[in-house]
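Participant: below: sequence and its predicted model.
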Protein chains: 2
Amino acid sequence: MRYLVRISYNGAGFNGFQYQMEGRTVQGEIEKIINRMHKTPIRIHPAGRTDSGVHAIEQYFHFDSELNIPVSKWQHALNSAMPGDIAVHEVTTISSDYHIRHHSKGKVYRYRIYQSSVRDPFEKGLRVHYTYDLDEAKMRNAMQFFVGVHDFTSFTSAKSPIENKVRQIYRFDLIRTEKGYDFLIVGSGFLYNMVRILVAYVLEVGQGRWDGARTPEVIAAKDRTMVPKTAPAEGLYLERVFLTEKEREAALEKLKRNR
Amino acid sequence: MRYLVRISYNGAGFNGFQYQMEGRTVQGEIEKIINRMHKTPIRIHPAGRTDSGVHAIEQYFHFDSELNIPVSKWQHALNSAMPGDIAVHEVTTISSDYHIRHHSKGKVYRYRIYQSSVRDPFEKGLRVHYTYDLDEAKMRNAMQFFVGVHDFTSFTSAKSPIENKVRQIYRFDLIRTEKGYDFLIVGSGFLYNMVRILVAYVLEVGQGRWDGARTPEVIAAKDRTMVPKTAPAEGLYLERVFLTEKEREAALEKLKRNR
């Protein structure tokens, strides 16, 4: 039986999702529990691997199990063994040819910053402290250039092995929060470090260090050296994974109405 | 010159305030920075020592320095070296016979819990997960018995070496929050573990495991074994330290108006 599991985790205490020989990882913690239940190694497969320090409000993984546990009991079984920084929200059965990474239909990421003269100890690991003033209009203008289908070579790690760097961005919104800003981005998929590089770029524009009107030029250049910065991992949240196109369209419709 | 420093810290990453040979402590981190500046050991003196995992929204310490740094420069000098889970909010000069622990006029503590079927990874270390239903009226009724001047022997660690266990509680409020409750307590001073034992007791009452009407009896018993539980450290915040009686009266007046 193939099970699909919806989880969230606080990335602050993990060296990322992917299993490592040393260092605490989300996959390592979950597989330790699942392996103990099965008394044999079982691999879990996430919708996407998050980097060290990156959080997930919604992440999925699937795994195969022959254990005779009713699907309604799995959530509690897993949660009772889970550490406090990982939570299991739902466990369902799926077709054995479903593969979340290949079959999911897009993702939402959120990037959170706050502004204050003094750092807030309670934001450590959760939001990024930003001391510069930001021009909202300049940021919004630059952000709109990314919506649509583009080659994002200028906005991914230069060492990315993936050939096709074309991705579709459905929305890229700036949300004013109590003490700062959230960046919300909805896309078909994301290249390595892409959200963190996009946010670093938009912050450069907001701070007045780069002319946002030149964004089409930066995209067209397909040159990572034009955008040298990557925003810190701790501000990044995987917020949603769309299992179907219908889910994605409903979420986009809702975002449009709430504007 | 004696300096008074107002700080906040996230207790999740510390083995408490007080310096230890091993283990990261708030005092250890701050003295490391101050010692480096002075090139000689300097001791800092807090308003009160917080336990491992306990947070401070407002804490004070003072220290003596002969360094020729204008008072207006101290905040930035300290913050630039401080780790991300301690923040310095203000530095002022005080009389060299002022001792914060002896001269302060009371404190406010807050204790935070949240209720949900599944633990929230982003509350880890910040609020305590509570799964039982709580009867608000029962809790409020029990809490009122603590307001006033009482011997709190039943509500402190049995191994406390302090002789006089009489303290004055000015207020003990229950505040409904989005997902749970905050307990806010204002007192002249607090015994070791006193807030955490009071909260554990009130939660037993709220859960229906103890009759809150019997609270005067529990206080009068002066017997720690009547209240066996201590609520976890991670929910506790030192929220305010009153430097003067005037500050304390103003805060109490404000709480009364906001009721």
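Facilitator: Now that the structure is in, tell me what you want to look at.
Participant: only C-alpha atoms for contact and neighbour calcs from this point on.
Facilitator: Fine.
Participant: next, give phi and psi for the residue of the stretch 151-259 of chain A found nearest chain B.
Facilitator: Using CA to the nearest CA, the single residue of the stretch 151-259 of chain A nearest to chain B is A:Y237, 11.5 Å away. A:Y237 adopts backbone torsions of phi -130, psi 120, taken as degrees, to the nearest 10.
Participant: what about the stretch 1-150 of chain A, any weak spots by pLDDT?
Facilitator: The stretch 1-150 of chain A contains no residues with pLDDT under 70.
Participant: and it, which of its residues are near chain B?
Facilitator: If contact is defined as CA under 8 Å from any CA of the partner chain, the residues of the stretch 1-150 of chain A in contact with chain B are A:8-10, A:79, A:84-89, A:118-122, A:124.
Participant: just the buried positions in stretch A:247-257, please.
Facilitator: For stretch A:247-257, the neighbour count (16 or more other CA atoms under 10 Å in any protein chain shown) marks A:R248, A:A251 as buried.
Participant: same question, stretch A:78-86
Facilitator: Neighbour-count burial for stretch A:78-86, with 16+ other CA under 10 Å as criterion, is recorded at A:L78, A:N79, A:M82, A:P83, A:G84, A:D85, A:I86.
Participant: could you work out the most separated pair of those?
Facilitator: Maximum pairwise distance among those (CA to CA): 13.2 Å, between A:L78 and A:D85.
Participant: can you measure across stretch A:110-121, start residue to end residue?
Facilitator: For stretch A:110-121, the separation between the terminal residues is 21 Å (CA to CA, to the nearest Å).
Participant: circling back to that earlier point, grab the two from the residues of the stretch 1-150 of chain A next to chain B that are most spread out in space.
Facilitator: By the measure CA to CA, A:N79 and A:V118 form the most distant pair in the residues of the stretch 1-150 of chain A next to chain B, at 37.1 Å.
Participant: now the residue nearest to A:M194 when sequence neighbours are not counted: phi and psi?
Facilitator: By the measure of CA to CA, 6 or more residues apart in numbering or on different chains, the closest residue to A:M194 outside its immediate chain neighbours is A:T156, 4.8 Å from it. Backbone torsions for A:T156, taken as degrees, to the nearest 10, come to phi -140, psi 160.
Participant: is it correct that A:A12 is in contact with A:E234?
Facilitator: Yes - in this structure, A:A12 is within contact of A:E234 by CA atoms under 8 Å, at 7.0 Å.
Participant: shared neighbours, these two?
Facilitator: A shared contact of A:A12 and A:E234, defined by CA atoms under 8 Å, 6 or more residues apart in numbering or on different chains, is any residue touching both; here these are A:G53, A:V54, A:H55, A:G125, A:L126.
Participant: identify the residues contacting the first one.
Facilitator: For A:G53, the set of contacting residues under the criterion of CA under 8 Å, 6+ apart consists of A:G11, A:A12, A:G13, A:F14, A:N15, A:G16, A:G125, A:A233, A:E234.
Participant: pull the number of nearby residues for the fourth one.
Facilitator: Spelled out, it's A:F14. Per other CA atoms under 10 Å in any protein chain shown, the neighbour tally for A:F14 reads 23.
Participant: the second one too?
Facilitator: When counting by other CA under 10 Å, one arrives at 18 neighbours for A:A12.
Participant: how close does it get to B:Y170?
Facilitator: If you go by CA to CA, the gap between A:A12 and B:Y170 works out to 38 Å.
Participant: what's the answer for the last one, then?
Facilitator: Taking CA to CA as the criterion, A:E234 is separated from B:Y170 by 40 Å.
Participant: cool, and the fifth one?
Facilitator: Distance, A:N15 to B:Y170, using CA to CA: 46 Å.
Participant: again with A:S160
Facilitator: Noted for A:S160: a distance of 61 Å to B:Y170, by CA to CA.
Participant: between these two, which is the more surrounded one?
Facilitator: Taking A:S160 and B:Y170 together and counting by other CA under 10 Å, B:Y170 has the greater number of neighbours (18 against 12).
Participant: any buried residues in stretch A:94-108, and which?
Facilitator: Using 16+ other CA under 10 Å as the test for burial, stretch A:94-108 gives A:I94, A:H99, A:I100, A:R101, A:S104, A:K105, A:G106, A:K107, A:V108.
Participant: quick check: closest non-adjacent residue to the residue of the stretch 151-259 of chain A closest to chain B.
Facilitator: Residue nearest to A:Y237 in three dimensions, not counting chain neighbours: A:H55, with 4.6 Å by CA to CA, 6+ apart.
Participant: contacts only, for the one you found.
Facilitator: If you count contacts by CA under 8 Å, 6+ apart, then A:H55 has A:S8, A:Y9, A:N10, A:G11, A:A12, A:E234, A:L236, A:Y237, A:L238 around it.
Participant: pretty sure A:Q20 sits against A:G28.
Facilitator: Yes - A:Q20 sits in contact with A:G28 when judged by CA under 8 Å, with a separation of 7.3 Å.
Participant: which of these two has more residues huddled nearby?
Facilitator: The residue with more neighbours, out of A:Q20 and A:G28, is A:G28; 21 against 13, by other CA under 10 Å.
Participant: which ones are touching that one?
Facilitator: By CA under 8 Å, 6+ apart, the residues touching A:G28 are A:F17, A:Q18, A:Y19, A:Q20.
Participant: count of neighbours near the first one?
Facilitator: Other residues lying near A:F17 total 25 when counted by other CA under 10 Å.
Participant: need the phi and psi values for it.
Facilitator: For A:F17, the backbone dihedrals are phi -80, psi -50 (criterion: degrees, to the nearest 10).
Participant: ok, the one 5 residues further on next?
Facilitator: Geometry field for A:E22 lists phi and psi as phi -120, psi 150, criterion degrees, to the nearest 10.
Participant: and what of the one 4 residues further on?
Facilitator: When quoted as degrees, to the nearest 10, the phi and psi of A:V26 stand at phi -60, psi -50.
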